[in-house]
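[1] sequence isn't available, so here's the structure alone:
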C-alpha cells in the first residue's frame, strides 16, 4: 500500500477501517492501464467510518465496468454490512449511496445512482427488487418498512437446508403429476375444461334468451313482464327496420328493468371470474408450494426450454431434431396411478462413465423422463463474485462447477474446491456431473425463488440416455485455456452428439473479446457457468 499521505482535505468519503490512503494505492494500480475486472470491496465494509482523500489524486475513470457494478448489487452490499443483514429503508438507501460514492472515488468507476436525486434512484431500486435480493417486512410497532437479505451469503448449512426443502416439495407435489400414469377411463384435463366451458356457455345462453327480441311477438311478453307496456305494432316495425316515422317522433320500446339488467351482468361477471379461478386453481394444484415457472421472458434466446405448463396439450414442443412432438394429455391427480412414481433422485438418475471419451463420469436417466419435467435443482452455496474470487479462485475445480444465478455465484464445491461426490454424504447433487452439449436434453431454468436453478427436461428422454446441458454460448470457459495447447486431437474428440466434457469445453476465441467493451449480460437472467 502506498505510504503517501494526503496534504489537503475535501469532502469525506466513507470507507472501511482498513482502507486508509486506499485512494493512492488504487490510483497507482489503475495507472498501469490494467484491463482486469475490479472486484467489489469486502462485504464487511461499512459506511460508519470516514477517511479523507485528495480530489486531484482521484483515480482515472475505468473503461471497463465490472459486471457486479449495478444498482441492485450496491443495495445488496449496503444491506449486507448491516447487523443481521437487516435494516430500515432509509438506512439502506443512505448506506448504498455512500458506498456508491466511495467506489467512484477509490476505483474510478462511474456512479450507479446518478442524477440530482441519487437517493430517489436507490429507493426505486429497493422497491423494484428486480434481483430478489431483499425481503420487505414491517416490525411490530414500526412505521417504516424494513428489509432483510433473501439468503445468507456463503452459508453452507442454510444452502443445504433450502435445497432439501425444494427437493421435498418437488418430489411430493410435482413428480406425481409428471410421472403418474392415467387410470382406465380417465379424462384429460383439457377435455374436462372444454366440457366445463361448454356447460357455462349453455347456461349463459339460457339466462340471456328471455330478453332476446324476435319477430313472432314473443319479445312483447318479455318486455311487458318488465314494464307492462309495449304496443305490438311498434315492436314489429322496430325489429324489421320498417318504421317510417322520423327519429324525433319515433317511439321506442321501453328499456328493460335496470335491476334485472344489473343482476344479469353481475351473474355473467361472476361466472367469468369463477372460470379464471378454476383455471388458476388447476395450475396451483399442479405446482403446489413450488413455483417452477421460468423467471426469464418467453422470448429468451436459444437454447429455449418449454416452461412447466398447466396444460401440456396447449404447447407444441419441439424435440432436438426439429420435429414437433405429439401433444401430451395431462390428468387430474385423482385420475392418476401413483404406484410407480419415483420418490428420490436415485430412482430417476445415476452417475456413470460418460459416453464422451476421456471425460470421466456423466449423468444418465434411470427411467423414461417426460418432456418439461423438473428433475431437481443445481446446488450451490450463494456468494458474491468478490467472495468467490478471494476464497475459491484457483482452489481445486471450484470455477469448473460453479454457475451464476443472476449476479450471484453458486459455489458447488467443498473447501478444497472439489464437488460433493459422496452419495451418502450430507450433500450430494448428481446434476454436478452433467456434461455439456449445445443441443442438450436438460435446460437450466431460473426459478422464481432466489438462487433456485431448476434442471428441466426439454424433450422426452429414454432410460439409459446421458443427460447433457448447455451452459450458455456467452460463457468464457477460462478453465480450458491452459489445456488448449497441450491437449491432442484425440483428447478433444467428442461423441457423435457433439457433446463435450467440462475439460473439453472450448475457450472463447481471442478476437471475440474486446477489453474496452462492457461485458455481455445475456447470461444474467438465466443460469450459466460462472466466468470471471
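    Structure's in. What do you need? Just so it is clear, the model here is predicted, and its values are computed rather than measured.
[2] for residue 396, report the pLDDT, please.
    pLDDT, residue 396: 88.
[3] run through the residues that contact it.
    When contacts are counted by CB atoms under 8 Å, 6 or more residues apart in numbering, residue 396 is found next to 413, 416-418. Glycine gets a C-beta too; all of them are placed from N, C-alpha and C.
[4] ditto for residue 188
    Contact analysis of residue 188 by CB under 8 Å, 6+ apart lists 182, 313, 329-331.
[5] next one: residue 175
    341-342.
[6] show me the shaky parts of the stretch 151-300 of the chain.
    208-300 (pLDDT under 70).
[7] any idea which helix or strand carries the residue nearest to residue 395 when sequence neighbours are not counted?
    Distance criterion CB to CB, 6 or more residues apart in numbering; nearest residue to residue 395, sequence neighbours excluded, is residue 417 at 3.7 Å. For residue 417, there is no helix or strand it lies in under DSSP states H and E.
[8] ok so, going back, can you pick the most crowded of the contacts of residue 396?
    residue 413 (21 neighbours; other CB atoms under 10 Å).
[9] rewinding a little: my read is that the residue nearest to residue 395 contacts residue 393, right?
    No. Checked against CB atoms under 8 Å, the pair residue 417 and residue 393 is beyond contact range at 9.5 Å.
[10] if we can go back for a sec, out of the contacts of residue 188, which are buried?
    For these, a neighbour count by 16 or more other CB atoms under 10 Å gives the buried set as 330-331.
[11] return the subset of the contacts of residue 188 lying in strands.
    The strands, defined by DSSP state E, take in residue 182 from the contacts of residue 188.
[12] in the contacts of residue 188, find the pair that's most separated.
    Distance extremes for the contacts of residue 188: the farthest pair is 182 and 313 at 13.0 Å, using CB to CB.
[13] which residues do these two both contact?
    188, 329.
[14] what helix or strand does residue 454 sit in?
    strand 453-457.
[15] for the helix or strand following that strand, name the packing helices and strands.
    Sequence-wise, the next helix or strand downstream of strand 453-457 (DSSP H and E) is strand 466-469. Counting contacts by 3 or more CB pairs under 8 Å, 6 or more residues apart in numbering; DSSP states H and E, strand 466-469 is packed against strand 361-365, strand 435-436, strand 442-446.
[16] I'd like the average pLDDT over strand 466-469.
    The average pLDDT within strand 466-469 is 94.
[17] what are the buried residues along the helix or strand where residue 206 lies?
    Residue 206 is part of helix 189-208, with elements assigned from DSSP H and E. Across helix 189-208, burial judged by 16+ other CB under 10 Å covers 189-190, 193, 200.
[18] now tabulate these in TSV and tack on distance to residue 348.
    Conversion of the buried residues of helix 189-208 to TSV gives the following (distance: CB to CB, whole Å):
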residue	distance to residue 348
189	24
190	27
193	30
200	40
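[19] what's the closest of the residues you listed to residue 361?
    Residue 361 has its nearest neighbour among the buried residues of helix 189-208 in residue 189, at 39.0 Å by CB to CB.
[20] is it fair to say residue 410 lies in a strand?
    Yes. Residue 410: assigned to a strand according to DSSP: H, G, I helix; E, B strand; the rest coil.
[21] residue contacts, it?
    Going by CB under 8 Å, 6+ apart, residue 410 touches 378-382, 402-404, 451, 453, 527, 530.
[22] go again using 6 Å as the cut-off
    For residue 410, the contact set (CB atoms under 6 Å, 6 or more residues apart in numbering) comprises 380, 382, 403.
[23] partner residues bridging it?
    residue 382, residue 403 (DSSP bridges).
[24] and the gap between it and residue 398?
    According to CB to CB, to the nearest Å, residue 410 stands 11 Å off from residue 398.
[25] any idea of the mean pLDDT in the host helix or strand of residue 120?
    Taking DSSP H and E as the definition, residue 120 sits inside helix 118-128. If you average the pLDDT over helix 118-128, you get 91.
[26] buried sites along that helix?
    Within helix 118-128, the residues scored as buried using 16+ other CB under 10 Å are 118, 121-123, 125-126.
[27] same check on stretch 417-429?
    Buried positions in stretch 417-429, judged by neighbour count with 16+ other CB under 10 Å: 417, 419-420, 427-429.
[28] tell me the pLDDT at the nearest residue in space to residue 167 that is not next to it in sequence?
    Spatial nearest neighbour of residue 167, excluding adjacent residues (CB to CB, 6+ apart): residue 376 at 6.3 Å. Model confidence at residue 376, given as pLDDT, is 95.
[29] wait, residue 376 touches residue 456, no?
    No. The criterion here is CB atoms under 6 Å, and residue 376 misses it with residue 456 at 9.4 Å.
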